[in-house]
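> this one's structure only:
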């Protein structure tokens, strides 16, 4: 049972929703000759954490989050903890890359520089780190002053890991081991061209292996897994790879003290055992999950929060004293009572660190110069919200596929909903706007199949379930089904000819087998145009503006006989 005790008010944002917990976890090897902590002396250890940063080094248009404000919070907590004789670790659950154009065009350099200035100690390697090829990731490692950790990422057909498995920290004589894990779904989620020669092994066996290694060689007092695997309520991960709950349950009780997670991009705040709060309100109490003696935390996404866990270590036992999610300038709409609304902070304003803001400003300006040139004009709204594009056809999908089909002179276009990342609203459209919709830098490609071969391809495409990122969007295609069988196909309203060859436009991610689609980049008819998806869309806007969203409303593409 959680014992919720609100803390006394502290300066700034150190204590928005602080808790007390009575649960105690055993720590192995506390009598190791390498341990230097004193008997009967309590030690304070504070773990700060973020995850799924996705390029948000700069505050958004209404001043929320951003690394400069985050540094103010972390510096304040660091000073507080140090003044009390404690030690602090700052960890990231990964996915630093991809999401904001100003960061994307600079390959996340300002993000890693900013995180280094804040003082991150380690991060898990996320699947979106592989939105870049390995040479770019190696450059990012140079920009970062902290290690990238992944115990289960290997060079194919070898026992050589691509990244360090773990790192040891000595906190006032208490040895803390931090190891990393990357979702083994990465092989499907990342562009295959960026993971060529790399394999992502199952996380639980690798965790068991690295924990045994750490215990035998390092004799730690505390073990933390920093993961990019996802928190799935009560371990119900569906079609995704197993996440943090399954990891904790699969280990021996006491093997792992804490999981700092990412990937599912939710605030892990539990309403009751195995039941997460579905609509967490910033600044309100937050209880982390606990499974099999392991605390599991995750701080939503984008640096919206800094998670804070305060532990006491006494005579080899670790007690979680307090936990909170600190909102980083998050705001809410408040009704003025006269038909208008205003924005208010959920808690209180956090000033930005001036030195870091000055350090990051040139990168923000450099990115803007490349992005703010008008590409065209939009009338209406093109819908790209994930709650739409992963469940049904959308006008955004039709617009994007129209651009790819036009670029390749293809008969049909196919893409997955997970490749659509934002909406476009009425007005002038810039390259920055387009990059928010298509941030991954995929190439527009095409290949040819006979009508008979196309039916086999479509069987795979339409098997992708609504809700999944693999859910298929189609252009110039109507399929008639009877039960689960395809009985008729029309291309541009013409019956499919089984002998005729058809040209299919898509993106290199899918052509290489991404999202579980058939591999087509080995076909003799395969052509990579070399055009980035966003560039093709930009050119389409330039050619056809003004774009009217109603012209791209999708028509039913699957009919039941």
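On my side now, so go ahead. Since the structure is predicted, the reported quantities are computational estimates derived from the model, not experimental observations.

> number of nearby residues for residue 218?
Applying other Cβ atoms under 10 Å, we find 17 residues neighbouring residue 218. Every residue, glycine included, has its C-beta placed from N, CA and C.

> wait, it sits on residue 175?
Yes - under the criterion of Cβ atoms under 8 Å, residue 218 makes contact with residue 175 at 6.6 Å.

> isn't there a helix covering residue 550?
Yes - assessed by DSSP: H, G, I helix; E, B strand; the rest coil, residue 550 belongs to a helix.

> May I have the residues that are in contact with the most far-flung residue of the chain relative to its centre?
Largest separation from the mean C-alpha position in the chain: residue 499, at 43.1 Å (Cα atoms, centre = their mean). With contact set as Cβ atoms under 8 Å, 6 or more residues apart in numbering, residue 499 has these partners: 450, 451, 452.

> host element of residue 415?
If you go by DSSP states H and E, residue 415 is part of strand 412-416.

> swap that for residue 135, please
Using DSSP H and E, residue 135 falls in helix 134-143.

> mind listing what residue 498 touches?
By Cβ under 8 Å, 6+ apart, residue 498 lies in contact with 450, 451, 452, 455.

> Filter the residues you listed down to just the ones in strands.
In this view, the contacts of residue 498 that belong to strands under DSSP state E are residue 450.

> Can you add distance to residue 351 and neighbour count and give the contacts of residue 498 back as CSV?
Putting the contacts of residue 498 into CSV (distance: Cβ to Cβ, whole Å; neighbours: other Cβ atoms under 10 Å) gives the following:
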residue, distance to residue 351, neighbour count
450, 64, 15
451, 64, 16
452, 65, 12
455, 61, 15
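
> Nearest to residue 241 among the contacts of residue 498?
Of all the contacts of residue 498, residue 241 sits closest to residue 455, with 30.2 Å by Cβ to Cβ.

> Look up the closest residue to the closest one, ignoring the ones flanking it.
Leaving aside its sequence neighbours, residue 455 sits nearest to residue 486 (Cβ to Cβ, 6 or more residues apart in numbering; 5.8 Å).

> Mind telling me what element the one you found is part of?
Per DSSP H and E: residue 486 is located in strand 485-491.

> Run through who's touching the next helix or strand after that strand.
Sequence order places strand 494-495 as the next helix or strand after strand 485-491, per DSSP H and E. Under the criterion Cβ under 8 Å, 6+ apart, residues 488, 489 lie in contact with strand 494-495.

> Of all the residues in the helix or strand hosting residue 82, which ones are buried?
In this assignment (DSSP H and E), residue 82 forms part of helix 67-83. Using 16 or more other Cβ atoms under 10 Å as the test for burial, helix 67-83 gives 67-74, 76-78, 80-81.

> Out of these, which comes closest to residue 190?
Nearest to residue 190 among the buried residues of helix 67-83: residue 67, at 24.7 Å, using Cβ to Cβ.

> Tell me which residues touch the closest one, please.
Counted by Cβ under 8 Å, 6+ apart, residue 67 has contacts 56, 57, 58, 111, 114, 115, 117, 118, 303, 356, 360.

> repeat that for 10 Å
Contacts for residue 67 (Cβ atoms under 10 Å, 6 or more residues apart in numbering) come out as 50, 53, 56-59, 74, 110-111, 113-115, 117-118, 303, 328, 352-353, 356-357, 359-360.

> what are the pairing partners of the helix or strand containing residue 167, and which direction each?
Using DSSP H and E, residue 167 maps to strand 166-171. Using DSSP bridges, the strands paired with strand 166-171 in its sheet are strand 174-182 (antiparallel).

> Show me which positions of the helix or strand containing residue 249 end up buried.
In this assignment (DSSP H and E), residue 249 forms part of helix 244-250. For helix 244-250, burial by neighbour count (16+ other Cβ under 10 Å) applies to 244, 245, 246, 247, 248, 250.

> Check stretch 267-281 too.
Residues 267, 268, 269, 270, 276, 277, 280 are the ones in stretch 267-281 that count as buried (16+ other Cβ under 10 Å).

> Same list, these, but as JSON lines with secondary structure please.
Output for the buried residues of stretch 267-281, formatted as JSON lines (three-state DSSP):
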{"residue": "267", "secondary structure": "strand"}
{"residue": "268", "secondary structure": "coil"}
{"residue": "269", "secondary structure": "coil"}
{"residue": "270", "secondary structure": "strand"}
{"residue": "276", "secondary structure": "strand"}
{"residue": "277", "secondary structure": "coil"}
{"residue": "280", "secondary structure": "coil"}
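
> Export these to CSV and append columns for pLDDT.
Converted to CSV, the buried residues of stretch 267-281 look like this (pLDDT from 0 to 100):
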residue, pLDDT
267, 96
268, 98
269, 98
270, 98
276, 95
277, 96
280, 96
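
> quick one on the thing from earlier: which of the contacts of residue 499 lies closest to residue 437?
residue 451 (31.8 Å).

> contacting residues for the closest one?
So residue 451 contacts 489, 491, 495, 496, 497, 498, 499, 500, 501, 502 (Cβ under 10 Å, 6+ apart).

> any idea what sits nearest residue 264, other than its immediate chain neighbours?
Nearest to residue 264 is residue 230, by Cβ to Cβ, 6+ apart, at 3.7 Å.

> That neighbour contacts residue 263, doesn't it?
Yes - the criterion here is Cβ atoms under 10 Å, and residue 230 meets it with residue 263 at 4.1 Å.

> if I look at those two, which residues touch both of them?
93, 183, 185, 240, 241, 243, 244, 298.

> returning to what we had before: let's see if you can find the most crowded of the contacts of residue 451.
residue 502 (22 neighbours).

> That residue: what secondary structure?
Secondary structure assignment for residue 502 (three-state DSSP): strand.

> Roughly how far does the nearest residue to it once chain neighbours are set aside sit from residue 475?
Spatial nearest neighbour of residue 502, chain neighbours left out: residue 411 (4.6 Å); criterion: Cβ to Cβ, 6+ apart. Distance check for residue 411 against residue 475: by Cβ to Cβ, to the nearest Å, it reads 9 Å.

> where do the helices sit along the chain?
With DSSP state H, the ranges of helices along the chain come out as 67-83, 101-104, 109-118, 134-143, 186-189, 203-217, 244-250, 354-371, 386-389, 395-408, 431-437, 451-461, 508-511, 533-544.

> Output the contacting helices and strands for the last one.
Translated: helix 533-544. strand 374-379, helix 395-408, strand 427-430, helix 431-437, strand 443-450, strand 501-507, strand 527-532 (3 or more Cβ pairs under 10 Å, 6 or more residues apart in numbering; DSSP states H and E).

> Throw these into a markdown table and include distance to residue 364, thanks.
Converted to a markdown table, those look like this (distance: least, Cβ to Cβ, whole Å):
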| stretch | distance to residue 364 |
| --- | --- |
| strand 374-379 | 20 |
| helix 395-408 | 27 |
| strand 427-430 | 15 |
| helix 431-437 | 12 |
| strand 443-450 | 27 |
| strand 501-507 | 29 |
| strand 527-532 | 22 |
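
> Out of the ones you listed, the one nearest residue 291 is which?
Across those, closest to residue 291 is helix 431-437 (Cβ to Cβ), at 35.7 Å.
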